[in-house]
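Participant: my questions are about this predicted structure, shown below with the sequence.
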Amino acid sequence: MVQLTVNGQTHDIEAEPDTPLLWVLREQIGLTGTKFGCGIAMCGACTVHIDGVATRSCVMPLAAIEADQKIVTIEGLSPDGSHPVQKAWLALEVPQCGYCQTGMIMAVASLLEANPTPSDEDINAEITNICRCGTYNRVRAAIHMAADAKAG
Amino acid sequence: MSIVQSVSRRNFIVGSAAAVGGLSLGFHVPFAALAQDAAATLPPEVNAWVVVKPDDTIVVRIARSEMGQGTLTGLAQLVVEELEGDWSKVTTEYPPPGENLKRDRVWGSYSTGGSRGIRDSHDYVRKGGAAARHMLIAAAAEQWNVPASECMAANSVITHGPSGRTLRFGEVAEAAGRQTPPAEVTLKDPKDWKIAGKPLPRLDTVEKLTGKQVYGADLKLPGMLNAAVKACPVFGGTLASFDAAAVETMPGVRKVVRVDERTVAVVADTWWRAKTALDALPVTWDEGPNKDLTSADIRAMLAEGLEAEDAFIGNSQGDAKAELARVEAAGGKVITATYAFPYQNHATMEPMNATALYTPDKCEVWVPTQNGEASLAVVAEAAGLPVGQCEVYKIHLGGGFGRRGNFQDYVRQSVSIAKQMPGTPVKLLWTREEDMLHGAYHPTTQAKLTGALDADGNLTALHMRISGQSILAAVRPQGMQGGMDPVVFQGLTASLPEGHLAYTVPNLLIDHAMRNPPVPPGFWRGVNLNQNAIYMECFIDELAHAAGAEPLAFRRKLMADHPKHLAVLEAAAEGIGWETPPAEGRFRGLGQIMGFGSYVAAAAEVSVEDGELKIHRIVAATDPGHVVNPAQVERQVEGSFVYGLSACLYGECTVAGGRMEQENFDTYEVLRMAQMPAVETIMLPSGGFWGGVGEPTIAVAAPAVLNALFAATGTRYRIMPLKNHELA
């Protein structure tokens, strides 16, 4: 049994040590906002924060996570969808099917912590999540909007 | 008005078991609604389309599926427009397809493909809203004991004109359901629309931002187990044997089952454990007759078809072959080019999945599907039960793009597994690898185009020979016409309202040599319009170049008989600034086509530096006749470029050893943020017809870019995708 801290709560986890964090979150803890897309860290649908750093959880084995590391999922990004990135996403109505969007939002929230005013080049380099519906231009606009809002 | 005649007062939510109410959008845990007492408190409907609760909440029933394209919101707008409802109080729900059958298909078709969600149902959903309004007004008039003609409805309030008395929809909804539906209704003129036609926010955004939106892959039912499957990766191969004992003691494993002749599944307490055990399971395949098939074999098969004598004729004017021979013999100008388009996978972000619960007298399936009725038919067949003992509960899709409509293979698998574990719900979820290896692939075709120009640069003859795979022959043979697949000619027909050719050529022949490799084809967003637009629009550009003409002017001359095609092309060209030269190092290209009932065009501006293509800007113009939600149309047009350019730049599934070589996004590359061009959308709804929006623009993405790429490099890249070429 190992302990994980997810969205501020401690969970006792019974799972094989090589179980990816993604599946611990989805199947053991029941947080299904973090999505399964590819299983090889290529699409970003499974992005969560580990100590504030955007991490593709589908390739992060349970055994590699320390009990004191703070994991945040989309469900814990804000209590009510009020994180600046979520607000910008709502204002610009970014999602289409929405399946990739929670991972996209987590990646962007982490980017803005590290780089509060990313340029388009920064965004191109850092936000490599796949969206098949084609929301990229609204994602970009919403990143800038969230950055502006955070700058206040 | 069959739709109102067959309205039943029976509240189907009470009458039907399990998660019907729970599948209403907005419920987070569908199975929670199993509680029958909760269902009993649900209010009765006004008619099949509209439920109004005592608190005035309007529930609009939506038969078509929401997969990101915005149809859910658009259809609700059409209903509520005629209902005269308060938009701020609108929610939606999916009526289950089994209920549709029981009610004489009161909600019509559930098929959500071919960009038909709105264009095929706008008439009857609006009538449904209008009939409900009549019934609400009649109920209020009855309560006041005044003629209904003295009452009107607006914003969910009914007003008696002479007295000024008012009643809210929620106050009369129950009585309204007892009213006789009107024999006929008059629909509003679209110019009077207040809700439809407006860029209203989508109804399904908030939950997609917080992780609360439940997709099929997220479903959790009490006591549910999880299944991972592996089918023989070789097309046409079968499952010879597997050694269940080798994995049965692995953590969480409950059962190893043969799913069908080619597929094995492991069922476990969690999906990860099921997948882990499946990976460890010793499996022997019988790879069958295609085990040595390669892409080179398929290319050769299609190349033979380019020269074959026999072909199905899709469009013919004059005598193209004779004119081409005459010009050739006379030493005139004859241009020939050969193009090719490879297999593509839909690659929806949410892998295929379905959750099934089977008992000997009932089978229920929860599934993200583009066609609930197609799912239901497969459930009944796979369960071996009468359709009346089966039900399908639809869930939002994490992308569809054509993969989840006609093709219900994953539903069939889920029922087969559940049938071997009666009484236990089992969720089947494919890996990305399974999804890539067992697609319903965009078919591969090649095209050889030959055109003749006279001394003045006029196009006097054009022969377009398409060779390649038919979708209908494989998946819908009943749609074939005397052996011909009419869908092969999308956008190229003489006069079909679904999509006809813009160009008037005195001698024209467009024909198809059907060559069907043993790879399963499917409807992939945009379908055959995608490659047909590349072939035709790039070759027209080649002809313009050969004629020494400017590409827009060359097209204009050929498009005099097709003003709507020309109008969108002119709009896109104007938008990109066609008449003024681009900045140093930038180059432009155009493309247009008609498909899915709409006229579309695009203009692209690109540069090529050190062999690298950069697409700076796209201007797209579309005339779908009517626009129900301009904000959603804009999103569909933008998104179309991601799909179309992914195929143009990277998309390719190649065959070796009888199986696809690409198994995940590491080798099946798709467009990401860094490659996404700016897109400007121009809407030119000209009225008088209803065209689709979700697909047609995809087709003009590649030709506009390829023609710009020619302008930049002087080279025609005719074999897709571009990643296989050194650009210079």
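Facilitator: Cool, got the structure.
Participant: okay, now the nearest residue to B:Gly161 once chain neighbours are set aside: neighbour count?
Facilitator: Take B:Gly161 and drop its neighbours on the chain: the residue closest to it by CB to CB, 6 or more residues apart in numbering or on different chains is B:Glu150, 5.2 Å away. (Glycine included, C-beta is placed from N, CA and C.) Residues near B:Glu150, counting by other CB atoms under 10 Å in any protein chain shown, number 14.
Participant: show me what contacts B:Asn516?
Facilitator: Neighbouring residues of B:Asn516 by CB atoms under 8 Å, 6 or more residues apart in numbering or on different chains: B:Gln469, B:Ser470, B:Ala473, B:Ala474.
Participant: so the third one, which of the three states?
Facilitator: So the one you mean is B:Ala473. helix (DSSP: H, G, I helix; E, B strand; the rest coil).
Participant: what does the pLDDT read for it?
Facilitator: On pLDDT, B:Ala473 comes in at 97.
Participant: which residues touch it?
Facilitator: Under the criterion of CB under 8 Å, 6+ apart, the neighbours of B:Ala473 are B:Met480, B:Asp485, B:Met514, B:Asn516.
Participant: now do 6 Å
Facilitator: For B:Ala473, the contact set (CB atoms under 6 Å, 6 or more residues apart in numbering or on different chains) comprises B:Asp485, B:Asn516.
Participant: ok, the nearest residue to A:Asn7 once chain neighbours are set aside to B:Ala447 distance?
Facilitator: Take A:Asn7 and drop its neighbours on the chain: the residue closest to it by CB to CB, 6+ apart is A:Gly76, 2.8 Å away. Note on A:Gly76: its distance to B:Ala447, by CB to CB, to the nearest Å, is 53 Å.
Participant: between these two, which one's more packed in?
Facilitator: Using other CB under 10 Å as the criterion, A:Gly76 and B:Ala447 rank with B:Ala447 on top: 26 against 18.
Participant: same list (the contacts of B:Asn516) but as JSON lines, adding distance to B:Ala603.
Facilitator: Formatted as JSON lines, those follow (distance: CB to CB, whole Å):
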{"residue": "B:Gln469", "distance to B:Ala603": "31"}
{"residue": "B:Ser470", "distance to B:Ala603": "32"}
{"residue": "B:Ala473", "distance to B:Ala603": "36"}
{"residue": "B:Ala474", "distance to B:Ala603": "36"}
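Participant: filter those residues down to the buried ones.
Facilitator: Neighbour counting with 16 or more other CB atoms under 10 Å in any protein chain shown marks B:Gln469, B:Ser470, B:Ala473, B:Ala474 as buried within the contacts of B:Asn516.
Participant: export stretch B:200-217 as CSV, just CAs?
Facilitator: Coordinates of each C-alpha in stretch B:200-217 appear next as CSV, following Å, rounded to 0.1, in the frame of the first residue of the first chain:
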residue,chain,number,x,y,z
LEU,B,200,-25.3,31.5,-28.8
PRO,B,201,-23.0,29.7,-26.4
ARG,B,202,-22.9,26.0,-26.5
LEU,B,203,-24.9,24.1,-23.9
ASP,B,204,-22.1,21.7,-23.1
THR,B,205,-19.0,23.7,-22.3
VAL,B,206,-18.8,24.1,-18.5
GLU,B,207,-18.5,20.4,-17.7
LYS,B,208,-15.8,20.0,-20.3
LEU,B,209,-13.6,22.4,-18.3
THR,B,210,-13.8,20.7,-14.9
GLY,B,211,-13.5,17.0,-15.8
LYS,B,212,-17.2,16.4,-14.9
GLN,B,213,-18.2,15.6,-18.5
VAL,B,214,-18.7,11.8,-18.6
TYR,B,215,-17.5,10.1,-21.7
GLY,B,216,-18.0,6.4,-22.5
ALA,B,217,-14.4,5.7,-21.3
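Participant: contacts for that stretch?
Facilitator: Identification of contacts with stretch B:200-217 by CB under 6 Å, 6+ apart yields A:33, A:74-75, A:81, A:86, A:89, A:93, A:95, A:98, A:101-102, B:28, B:73, B:350, B:353, B:367-368, B:395-396, B:398, B:429.
Participant: distance of B:Leu501 relative to A:Met42?
Facilitator: For B:Leu501, the distance to A:Met42 - CB to CB - is 40 Å.
Participant: give me the neighbour count for B:Glu364.
Facilitator: Residues near B:Glu364, counting by other CB under 10 Å, number 25.
Participant: then it would be within a helix, right?
Facilitator: No. Using three-state DSSP, the secondary structure at B:Glu364 is strand, not a helix.
Participant: next, B:Gly170: secondary structure please.
Facilitator: Put simply, B:Gly170 is helix when judged by three-state DSSP.
Participant: domains of the chain?
Facilitator: No chain was given, so I picked chain A. For chain A, the structural domains run A:2-75, A:84-151, going by automatic domain parsing.
Participant: switch to chain B, please.
Facilitator: According to automatic domain parsing, the ranges for chain B are B:2-208, B:216-289+B:352-429, B:295-344+B:441-724.
Participant: re the thing from before, secondary structure element for the residue nearest to A:Asn7?
Facilitator: Using DSSP states H and E, A:Gly76 sits within helix A:74-77.
Participant: please verify my assumption that B:Ala380 contacts B:Val387.
Facilitator: Yes. B:Ala380 lies in contact with B:Val387 (CB atoms under 6 Å); the separation is 4.1 Å.
Participant: residues near residue 87, how many?
Facilitator: Here I'm looking at chain A. 17.
Participant: not quite, go with chain B.
Facilitator: By the criterion of other CB under 10 Å, B:Trp87 has 19 neighbours.
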